[in-house]
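Novice: Got a predicted model here, sequence first, then my questions.
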Amino acid sequence: EHTGLPSSEVTIAEVLKPAGYTTACVGKWHLGWRSEFRPQAQGFDEYFGLLHTNDVSEWKVGEAFHQLSTFEPLELREGDRVVESPVDLARVTERYTERAMEFIRRQREKPFFLYLAHTMPHIAQYASSAFAGKSKGGVFGDCVEEIDASTGRILDLLKELGIDERTLVIFTSDNGAGLRGGKAKADERFPGRSEHGSNGVLRGGKGSTFEGGVRVPCIAWWPKTIAGGRVDGTPWSALDLMPTFTNVASASAAAPATKVAVTLDGRDVTAMLKGESMEPRMLFHYFGVQLQAVREGPWKLFLPISEHPKLRVPSLWFEHQNGLFERQHRLWPKPTLYDLSADVSEKVDVAEKHPEVVARLLKAAESFDASFQKQIPPVQYLPGPKPPAAGQVPPAAGRGGGGLEPAQEAGSPPRRGPRAPRERKGG
């Protein structure tokens, strides 16, 4: 697909650069593979990583085309330069860590912003030789333990360089664990490398607006500014990172002259990170352009939805997986209210007991969504060869999508993945 993060969007890197920050992106990008969409065009001075998710595969003439086909192998890049093709997936966490630490060393005397986006534990899952087969959680556990060690190395470096007390570190995840089921399927693309995580008692998982999809752990580290060992249950969002970083860096959130001004849905949570109380706020949970739920304090309301979104942006992900758009942009029969303070597993609907809460949240949701729908920017497409139509690949009938319960999910049709890591000798 010849699309990605529109150039009109303002990134954190673009906000911090005018304030004197050097910026780097290390790891997974997945916001456009064409040069016009890459990190260097979105405010980052440096880039090292993978432009794609690691379950893509190069499409070659004569082979079946599917939604994860690409025009190139999965390549490791330093800026626009390919440094390894295909990438050795077993070493990406190690190499990301080393590259991040090298950047920190070079920039230790100046303000810097580092966005480190680990590829693992996304499928296909690999860990380096120092961690492979060492955890009690299989290859998924190996990946997590290596990321944990990676984070420790970076924090140790900040202390070693004496810049820990002026560095804010945020560690979090983009979504809850995927729910692929615990048993391997005969037609798995990556046998033994597609293990699932756990969302504990939370309902649903990655791609859903249940708590298992949107509630993720977050660790904030800033010695002598953020007290250690404190747990805060105040709901906040990754949308809050830009206004928070803007405040911490004393930067301006105004869009550069070449950008289109946008409304930020996040808010500055610096006070909350320091242990101060903040005014309650609402969080709106979307799948694509479909508002599915709204959260306020302990209350979470799933909205009644009787039709699928009229706006359907062309996407290989949906065009090559029959019915997936409808399953992920799902319908919902009636307003359903959960009290997360007593029912974090979202099992007991208390809408009838609290009609006033339902009415208030419905009104707020309708107002917010009406404004949101008007601000959806057009998709930016670049010229390029048109991908094959969906009829040129067997339909992915029965494939589960985000938002489904585990029992509803099914396996995928066989597809080729990236090449396995090559055996290496020496260092």
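Specialist: It's in.
Novice: Relative to F210, how far out is the residue lying farthest from the centre of the chain?
Specialist: Residue farthest from the centre of the chain, counting by C-alpha atoms, centre = their mean, is K353 at 35.6 Å. From K353 over to F210 the distance is 21 Å, taken as C-beta to C-beta, to the nearest Å. For every residue, glycine as well, the C-beta is placed using N, CA and C.
Novice: cool, and Q375?
Specialist: Taken as C-beta to C-beta, the span from Q375 to F210 is 26 Å.
Novice: More neighbours: those two, which one.
Specialist: Per other C-beta atoms under 10 Å, whichever of Q375 and F210 has more neighbours is F210, with 25 against 9.
Novice: Pull the contacting residues for the more buried one.
Specialist: Each residue near F210 by C-beta atoms under 8 Å, 6 or more residues apart in numbering is listed here: L202, R203, G204, E346, G403.
Novice: quick one: which of these is nearest Q328?
Specialist: G403 (5.4 Å; C-beta to C-beta).
Novice: how about stretch 26-38: buried residues?
Specialist: Neighbour counts over stretch 26-38 (16 or more other C-beta atoms under 10 Å) mark V26, G27, K28, W29, H30, L31, G32, W33, R34, E36, F37, R38 as buried.
Novice: Could you dump the residues you listed into a markdown table with distance to E1 added?
Specialist: Converted to a markdown table, the buried residues of stretch 26-38 look like this (distance: C-beta to C-beta, whole Å):
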| residue | distance to E1 |
| --- | --- |
| V26 | 24 |
| G27 | 21 |
| K28 | 17 |
| W29 | 14 |
| H30 | 12 |
| L31 | 12 |
| G32 | 9 |
| W33 | 9 |
| R34 | 9 |
| E36 | 13 |
| F37 | 10 |
| R38 | 15 |
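Novice: related to what we said a few turns ago, and the pLDDT for the residue farthest from the centre of the chain?
Specialist: At K353, the pLDDT value in this model is 98.
Novice: any idea how far it is from S69?
Specialist: For K353, the distance to S69 - C-beta to C-beta - is 50 Å.
Novice: how near is R267 to L273?
Specialist: Noted for R267: a distance of 12 Å to L273, by C-beta to C-beta.
Novice: More neighbours: these two, which one.
Specialist: Neighbour count, other C-beta under 10 Å: between R267 and L273, L273 has more, with 23 against 18.
Novice: Assign a three-state SS to the residue nearest to V313 when sequence neighbours are not counted, would you?
Specialist: Distances taken as C-beta to C-beta, 6 or more residues apart in numbering place V379 nearest to V313, at 5.4 Å, with adjacent residues excluded. Following DSSP: H, G, I helix; E, B strand; the rest coil, the label given to V379 is coil.
Novice: Can you show me the helices along this structure?
Specialist: Using DSSP state H, the helices found in the chain span residues 12-16, 92-107, 138-160, 211-214, 241-248, 270-273, 316-319, 324-328, 355-374.
Novice: Reformat those as a markdown table; add distance to I305.
Specialist: Formatted as a markdown table, the helices of the chain follow (distance: least, C-beta to C-beta, whole Å):
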| stretch | distance to I305 |
| --- | --- |
| helix 12-16 | 32 |
| helix 92-107 | 39 |
| helix 138-160 | 33 |
| helix 211-214 | 16 |
| helix 241-248 | 29 |
| helix 270-273 | 32 |
| helix 316-319 | 18 |
| helix 324-328 | 11 |
| helix 355-374 | 11 |
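Novice: Would you single out the least confident of those?
Specialist: helix 316-319 - the lowest mean pLDDT of the helices of the chain, at a mean of 88.
Novice: And it, what does it pack against?
Specialist: Where contact means 3 or more C-beta pairs under 8 Å, 6 or more residues apart in numbering; DSSP states H and E, helix 316-319 is packed against helix 324-328.
Novice: Next, the buried residues of the helix it packs on.
Specialist: By neighbour count on 16+ other C-beta under 10 Å, the buried set for helix 324-328 is L324, F325, R327, Q328.
Novice: Taking those together, which two end up most distant?
Specialist: Spatially, the most separated pair among these is F325 and R327, at 7.4 Å (C-beta to C-beta).
Novice: what are the ranges of the strands in the stretch 251-400 of the chain?
Specialist: Taking DSSP state E, counting those that start in this stretch as the test, the strands found in the stretch 251-400 of the chain are 282-287, 290-296, 299-302, 336-339.
Novice: What lies in contact with stretch 164-178?
Specialist: 151, 154-155, 158, 196-199, 202, 204-208, 211-226, 238, 241, 245, 248.
Novice: Just the buried residues of those.
Specialist: By neighbour count, with 16+ other C-beta under 10 Å, the contacts of stretch 164-178 hold 151, 154-155, 158, 196-197, 199, 202, 204-208, 211-216, 220-223, 226, 241, 245 as buried.
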